[in-house]
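Trainee: My questions concern the predicted model and sequence given below.
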Amino acid sequence: MTIFSKWANPISVALMILISVGMVSAAETYKWTDENGVVHYSDKIPPSAQKSEKTVLDKQGREIKRIESAAMFEQRQRQAEEDAKKQAQQRPSPKEYRDRALLFSYLSEEDIDLARDRALVVLDAQAQSMWAVIAQLEERQKSLLERKGNGEALPEGELESVKNDLSNRRNTVRRYMEEKSKITKKYDEDKKRWRELKAMEKERLGNEAQRREPDKK
């Protein structure tokens with residue numbers, strides 16, 4: 001490794017740089033200034049130079065790139081972390097996103113009722129269809145029980161199969177009803193929050209109008 005200080009003769013330094021560059025396969029020279037203000041040139045970076053910013057020079061002594069110091073790297077990392085924290089603080093919370101979506105999606109309470117009714121219509125249609133199947137199964141079960149009571153031999157497992165099918169479909173209807181209750185509750189909560197947001201918006205606009213009033217006078 002060859003190191004030169006800034007106090008050396010400029011011509012000698014130039015010659016020694018050319019010689020040292022020619023001896024290394026990388027054909028690069030590192031330049032840095034130490035904590036005492038002394039400028040150094042070398043084909044390798046010594047441990048003592050890790051804290052300093054370095055410039056990489058090519059064969060002609062032109063700057064190729066810069067290597068930041070450890071202190072600069074740490075500072076940049078801290079700045080990046082601080083910027084990330086600021087962005088996280090400025091990012092809307094899930095509650096704020098939901099509030100914005102409510103105001104954007106519905107112009108009136110009637111719009112919320114309409115959205116609720118559309119969701120319930122689907123469940124009601126599914127429940128009605130299931131009740132029709134249940135009615136048919138109940139008739140089938142009644143017929144099988146009458147035949148059994150009259151001493152008629154039933155196909156093996158048929159009565160049990162009908163009973164299981166009835167139980168499953170009644171459970172499905174029960175789930176429909178539970179889902180219907182959840183949907184109704186959700187839209188009721190949406191309507192309540194929508195009213196609150198509209199009231200807050202109205203109050204904010206009123207306050208802004210009052211602040212502008214003295215300017216008109």
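Mentor: Thanks, I have the structure now. Since the structure is predicted, the reported quantities are computational estimates derived from the model, not experimental observations.
Trainee: Distance from stretch 85-101 to the middle of the chain?
Mentor: For stretch 85-101, the distance from its own C-alpha centre to the chain's C-alpha centre is 11 Å (C-alpha atoms, centre = their mean, to the nearest Å).
Trainee: what's near enough to touch residue 81?
Mentor: Going by C-beta atoms under 8 Å, 6 or more residues apart in numbering, residue 81 touches no other residue. All C-beta spots, glycine's among them, are computed from the backbone N, C-alpha and C.
Trainee: Give me the distance between it and residue 93.
Mentor: Applying C-beta to C-beta, to the nearest Å, the value for residue 81 to residue 93 is 21 Å.
Trainee: Equivalent analysis for residue 199, please.
Mentor: 20 Å.
Trainee: Can you name the element that comes right after the helix or strand hosting residue 78?
Mentor: Assessed by DSSP states H and E, residue 78 sits inside helix 70-90. The helix or strand immediately downstream of helix 70-90 is helix 94-105, counting by DSSP H and E.
Trainee: Give me the average confidence score over that following helix.
Mentor: Model confidence over helix 94-105 averages 88 on the pLDDT scale.
Trainee: In terms of secondary structure, what does the very next helix or strand once past it contact?
Mentor: Counting by DSSP H and E, the next helix or strand C-terminal to helix 94-105 is helix 109-149. Secondary-structure packing of helix 109-149 (3 or more C-beta pairs under 8 Å, 6 or more residues apart in numbering; DSSP states H and E): helix 158-216.
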